[in-house]
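>>> can't give you the sequence, but here's the structure:
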């Protein structure tokens, strides 16, 4: 696993071993960053279920001003910090040890880009998506990575499904604030 482009281009990132972690494939990562390319400079980013931190680190490498990494696994938090240190981006990051639902219930900052990549098939999407509307900036975007076949609502809280992108067995569903589509 490596950083694709930007200030940390080509730098290798550590990942976690085991079945608890499913890193985003390079094909999906490249596609996601093509979708948000013009939104990245100076963006405030939230990386929920951050795992190794590769999505948030890629965002920082490409010009995001700040990324908040949230994961409840101590092993993930340690790997994220190691990766941030190794690519020299720790100053622009904050690693939070918390459950996604708990974090979102208290989140105050608006985020321009939110990466949502929970473990598949554990029902996190329906629990977390309704909470994301309150911390998404007015023109922000949510990129939700999930298994192909998972039905996604057109509307959830004040969020509207914008578009879905399929990459093999993985789907990235984008949500925006309902009024932002008009």
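Received the coordinates, thanks. Keep in mind that this is a model prediction, so the values were computed, not measured.
>>> who's in contact with stretch 168-182?
The contact list for stretch 168-182 (C-beta atoms under 8 Å, 6 or more residues apart in numbering) reads 25, 27-28, 31-32, 35, 129, 132-133, 136, 138-148, 150, 152, 155-156, 158-165. In short, each C-beta sits where N, CA and C put it, glycine included.
>>> and the residues you listed, which are buried?
28, 31-32, 35, 129, 132-133, 136, 140-146, 156, 158-161, 165 (16 or more other C-beta atoms under 10 Å).
>>> From these, which land in helices?
Counting by DSSP state H, the buried ones among the contacts of stretch 168-182 place 28, 31-32, 35, 129, 132 in helices.
>>> what's the closest of these to residue 15?
Taking C-beta to C-beta as the measure, residue 15 lies nearest residue 28 of these, at 14.7 Å.
>>> which ones are touching that closest one?
Applying C-beta under 8 Å, 6+ apart, we find residue 28 in contact with 145, 167, 170, 172.
>>> Show me the two of the residues you listed that sit farthest apart.
Pairwise across the contacts of residue 28, and taking C-beta to C-beta, the largest span is found between 145 and 167, at 9.3 Å.
>>> Just the endpoints, please. Distance across stretch 112-129?
15 Å (C-alpha to C-alpha, to the nearest Å).
>>> So for it, what gets flagged as buried?
Quick answer for stretch 112-129 (16+ other C-beta under 10 Å): 112-118, 124-125, 128-129.
>>> so the residue most central in space within the chain, which of the three states?
Of all residues in the chain, the one closest to the mean position by C-alpha atoms, centre = their mean is residue 115, 1.7 Å from it. Judged by DSSP: H, G, I helix; E, B strand; the rest coil, the three-state class of residue 115 is strand.
>>> That's all I had, so thanks and see you.
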